[in-house]
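S.K.: below are the sequence and a predicted model for it; my questions follow.
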Amino acid sequence: MRGRRRFRTTAAAMAMLCAAPLAGCSVGGPDAVAPAPRPRPTPAWNAAPASVAAVGDSITRAFDACTVLADCPEVSWATGTDRAVNSLALRLLGPSGVAGKSWNLARSGARMAELPEQMDAAAAERPELVTVMMGANDACRARPEQMTPVEEFRASFTAALGRLRSGAPKAQVYVSSLPDLRRLWETGRVSPMGRQVWKLGICGAMLADAEDLGPAAERRRARVRDRVVAYNRVLGEVCAKDTRCRYDGGAVFGFAFEGAQLSPWDFFHPSRDGQARLAEIAYRQVTRK
């Protein structure tokens, strides 16, 4: 009896010890199931970042927004200083903050394959927020056959986020959807001057033969639009795997650009007013709780 009582006392003591948070202690023998690890909490989104780096293409460089065939970064939706545009960085940082705490690292003509390199440059600045608007040039090729394959697009975007995480692991990322290129065609094609400019070869896959409404031309435009939709899906899916990334949910794709919001020189890139609309969308997304 004394031996059994001693055994029960020892077992109870072991159970009490194993109730404490000691590693390697288990009750019930070698086949006992270990408790499941607790998931890491999702980082809270900072709606007021203190620095902004922008990566992307001609839209973020505000190409053709001020003068013909030239970048105009001062009116960029992301980091511009123009008060009429009221860029995302200007709203978040104020005039003095934009000068020292924002960087426009985009390049006109860039495609998604270049984004990893741009992300390296962004990470070197240690920004609290990185804005991404990239991919329109992957669809805007001379012919639909030249568009970047979707899986290549995905691989480049995934690699770009990985490069940012290596250099700036805590940076937040705002990812803009790509605009609806077909809607831009519908808006700009009513301008005789726009149609003439487009003949120079701007985004031929979508804008070539702008007045042709025949079945072949419509199939070509639909093919380009479908590719943009696929790119946006990739942006959302890859971003969703990163706890510090926020996709706009298709807000830019769904925005209906009007004539005054397109460049008066190429009738395709955003004008000052168009850049201002992009800034509004971005600010709503970044500051959303």
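M.R.: In hand now; what should we look at?
S.K.: Arg154 - nearest residue in space that isn't next to it in sequence?
M.R.: Of all residues not flanking Arg154 in the chain, Val234 sits nearest, at 4.7 Å (C-beta to C-beta, 6 or more residues apart in numbering). Yep, even glycine has a C-beta here, placed from its N, CA and C like the rest.
S.K.: ok, Met206 touching Arg221?
M.R.: Yes - assessed by C-beta atoms under 8 Å, Met206 is found in contact with Arg221 at 5.8 Å.
S.K.: what is in contact with the two at once?
M.R.: 182, 185 (C-beta atoms under 8 Å, 6 or more residues apart in numbering).
S.K.: from Glu280, how far off is the residue nearest to Arg154?
M.R.: From Val234 across to Glu280, the span is 25 Å (C-beta to C-beta, to the nearest Å).
S.K.: now do the contacts for the residue nearest to Arg154.
M.R.: Val234 neighbours (C-beta under 8 Å, 6+ apart): 150, 153-154, 157.
S.K.: in the host helix or strand of it, what's buried?
M.R.: Using DSSP states H and E, Val234 sits within helix 215-240. Judged by neighbour count (16 or more other C-beta atoms under 10 Å), helix 215-240 contains these buried residues: 220-221, 224-225, 227-228, 230-232, 234-236, 238-239.
S.K.: chain center to it: distance?
M.R.: 16 Å (C-alpha atoms, centre = their mean, to the nearest Å).
S.K.: mean confidence score for it?
M.R.: On average, the pLDDT along helix 215-240 is 98.
S.K.: and the helices in the stretch 51-200 of the chain?
M.R.: 88-101, 115-124, 136-139, 150-167, 181-188, 192-198 (DSSP state H, counting those that start in this stretch).
S.K.: between the second one and helix 150-167, how many degrees?
M.R.: Just to be clear, that refers to helix 115-124. With axes from the mean of the first three to the mean of the last three C-alpha atoms, to 10 degrees defining the directions, helix 115-124 sits at 20 degrees from helix 150-167.
S.K.: now what about helix 115-124, what contacts it?
M.R.: In contact with helix 115-124 (C-beta under 8 Å, 6+ apart) are residues 53, 55-56, 103, 105-107, 110, 130, 132, 134, 156-157, 159-164, 166-168, 171.
S.K.: again, but for stretch 70-87
M.R.: Contacts of stretch 70-87 (C-beta under 8 Å, 6+ apart): 52, 54, 56, 58-66, 88-90, 95, 98-99, 102-104, 106, 108, 131, 133, 270, 272, 275-276, 278-280, 282.
S.K.: pull up the gap between the residue minimising distance to the centre of the chain and Leu213, please.
M.R.: Compute the mean C-alpha point of the chain, and by C-alpha atoms, centre = their mean the closest residue is Val175, 1.7 Å away. As judged by C-beta to C-beta, Val175 and Leu213 stand 34 Å apart.
S.K.: among the contacts of stretch 70-87, which are in strands?
M.R.: Taking DSSP state E, the ones among those that sit in strands are 52, 54, 56, 102-104, 131, 133.
S.K.: scan the helices and strands of this protein for the one with the lowest mean pLDDT.
M.R.: The helix or strand of the chain with the poorest confidence is helix 2-19; it has a mean of 41 (mean pLDDT, DSSP states H and E).
S.K.: can you get me a residue count around Asp273?
M.R.: Residues near Asp273, counting by other C-beta atoms under 10 Å, number 17.
S.K.: got it, and Ala84?
M.R.: 10.
S.K.: now Arg107
M.R.: 18.
S.K.: confirm for me that it is in contact with Glu114.
M.R.: Yes - the pair Arg107 / Glu114 is scored as a contact, 6.9 Å apart, by C-beta under 8 Å.
S.K.: returning to that earlier point: quick one: closest of the helices of the stretch 51-200 of the chain to Arg244.
M.R.: Closest to Arg244 of the helices of the stretch 51-200 of the chain is helix 150-167 (C-beta to C-beta; 8.5 Å).
S.K.: contacts for that closest one, please.
M.R.: 112-113, 115-116, 118-120, 122-124, 130, 132, 134-135, 138, 171, 173, 227, 230-231, 234-235, 237-239, 242, 245.
S.K.: same question for stretch 103-110.
M.R.: 52-61, 63, 71, 73, 76, 78-79, 114, 118, 121-122, 125, 127, 133-134, 137.
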